[in-house]
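Chemist: Have a look at this prediction, sequence included:
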Amino acid sequence: MLAPVTKAVIPAAGLGTRFLPATKALPKEMLPVVDKPVIQYVVEEAVRAGLADVLFVTGRNKNALENHFDRATELESILLRKGDDERLSRVAESTDLANVHYVRQGDPLGLGHAVLRARAHVGDSSFAVLLGDDIIDARDTLLERMLEVHRQRATSVVALMEVDPGQTHLYGIATVERTDDDDVVRVTGLVEKPDPGTAPSNLAVVGRYVLRPEVFPVLERTEPGRGGEIQLTDALLTLAGDASAGGVHGVVFRGRRYDTGDRLDYIKANVMLACDRPDLGPDLRAWLKEFAQRLDD
């Protein structure tokens, strides 16, 4: 039996070049979705799944991220004096959310390298990896399901989603075999961002993983791949063929995912999540209907 998973690793060393100039001085993980930074949604997801020990793998100029999960004593004092309990509670929420740790990635050598930097913190236990670009709706239970599959099958687990065949070149794509669970497949092959028209399926790896510690020695000997980076996909391909390490399975996710790493999808995420808010949704939905009608004029 594998020990329960208790730790989450969140790589957060990227430069966010697609959002320049907004990310010139602000980490992309701190871009707001409605009224919370992207990274807080991701940490909240980990905590909901029972993973309150969170390690950020960061790079230069990420001080704002660290400050967000630290105490803001002066701001809290001002809100306390004003009697603004609602905003005080929202400010303190991120501080008390999780037991947060940080490690620097150093050289920007890819996602596989970022995961490898977590080895000293994780040790010989399984762990989850959550990418900060993806928000999974709080009403869905993707990570919880992945942890369940990991526990039942003693395997590494990736999250998979069906994507338009014309978009497969943007993702890691899996070759799979069905299992006796409708939402679980066995991964037999993986290819990172295949050339258009060459993808083995339309099942894309999205930014959630539950990994056995056997991934670390594999990453150590994985040569740089596409883009000159150490690809986590390459290490997972090796694990997929290693029965002694439990192989790799995928959970096929059919819920709500918001990709905040793309500018258009980031805007859509703000709109969709705001529409579902009881404090903003009614007015926003009414305005959107009116605005849509004007577009047709």
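Modeler: It's in. Numbering: from 1, shown residues only.

Chemist: ranges for the helices of the stretch 151-297 of the chain?
Modeler: 215-220, 232-240, 263-275, 281-295 (DSSP state H, counting those that start in this stretch).

Chemist: Tell me which of the ones you listed sits most buried.
Modeler: A comparison of the helices of the stretch 151-297 of the chain by mean neighbour count, using mean count of other Cβ atoms under 10 Å, puts helix 232-240 on top with a mean of 24. Where you see a C-beta, it was placed from the backbone N, CA and C, and this is true even at glycine.

Chemist: just how off-centre is it within its chain?
Modeler: 18 Å (Cα atoms, centre = their mean, to the nearest Å).

Chemist: what packs against that helix?
Modeler: Other elements packing on helix 232-240 under the criterion 3 or more Cβ pairs under 8 Å, 6 or more residues apart in numbering; DSSP states H and E are helix 111-116, strand 156-162, strand 184-192, strand 203-211, helix 215-220, strand 248-252.

Chemist: And the residue nearest the centre of this protein?
Modeler: Leu131 (2.6 Å; Cα atoms, centre = their mean).

Chemist: roughly how far apart are Leu79 and Glu86?
Modeler: 9 Å (Cβ to Cβ, to the nearest Å).

Chemist: if you count what's nearby, which of these two comes out ahead?
Modeler: When neighbours are counted by other Cβ atoms under 10 Å, Leu79 and Glu86 differ, and Leu79 comes out ahead with 19 against 9.

Chemist: what's the helix or strand for the more buried one?
Modeler: Leu79 belongs to helix 73-82 when assigned by DSSP states H and E.

Chemist: One more: Tyr102?
Modeler: Here Tyr102 is assigned to strand 99-104, by DSSP H and E.

Chemist: ok, which stretches of the stretch 1-150 of the chain are helices?
Modeler: Under DSSP H, counting those that start in this stretch, the stretch 1-150 of the chain gives helices at 38-48, 63-68, 73-82, 85-95, 111-116, 119-122, 142-153.

Chemist: For these, give me JSON lines that also has mean pLDDT.
Modeler: Below are those laid out as JSON lines (pLDDT from 0 to 100):
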{"stretch": "helix 38-48", "mean pLDDT": "96"}
{"stretch": "helix 63-68", "mean pLDDT": "90"}
{"stretch": "helix 73-82", "mean pLDDT": "89"}
{"stretch": "helix 85-95", "mean pLDDT": "87"}
{"stretch": "helix 111-116", "mean pLDDT": "94"}
{"stretch": "helix 119-122", "mean pLDDT": "95"}
{"stretch": "helix 142-153", "mean pLDDT": "96"}
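
Chemist: Gly261 is nearest to which of those?
Modeler: Checking the helices of the stretch 1-150 of the chain against Gly261 by Cβ to Cβ gives helix 38-48 as the closest, at 9.1 Å.

Chemist: Between the helices of the stretch 1-150 of the chain, which one is closest to Thr175.
Modeler: Of all these, helix 142-153 comes closest under Cβ to Cβ, at 18.2 Å.

Chemist: and the angle from that closest one to strand 203-211?
Modeler: 70 degrees (axes from the mean of the first three to the mean of the last three Cα atoms, to 10 degrees).

Chemist: Which strands and helices lie in contact with helix 142-153?
Modeler: Using 3+ Cβ pairs under 8 Å, 6+ apart: helix 142-153 touches helix 38-48, strand 127-130, strand 156-162, strand 203-211, strand 248-252.

Chemist: That helix: how far from the chain's middle?
Modeler: Put simply, helix 142-153 sits 16 Å off its chain's centre (Cα atoms, centre = their mean).

Chemist: now swap in stretch 235-244 and tell me
Modeler: Mean-position distance between stretch 235-244 and its chain equals 22 Å (Cα atoms, centre = their mean).

Chemist: For that stretch, report the contacting residues that lie outside it.
Modeler: 112, 156, 158, 187-190, 209, 212, 214-215, 218-219, 222, 245-248 (Cβ atoms under 8 Å, 6 or more residues apart in numbering).

Chemist: how about 7 Å then?
Modeler: 112, 156, 158, 187-190, 214-215, 218-219, 222, 245, 247-248 (Cβ atoms under 7 Å, 6 or more residues apart in numbering).

Chemist: Stretch 45-55 too?
Modeler: The contact list for stretch 45-55 (Cβ under 7 Å, 6+ apart) reads 5-10, 43, 97-101, 103, 118, 121, 128, 130, 136, 143-144, 147.
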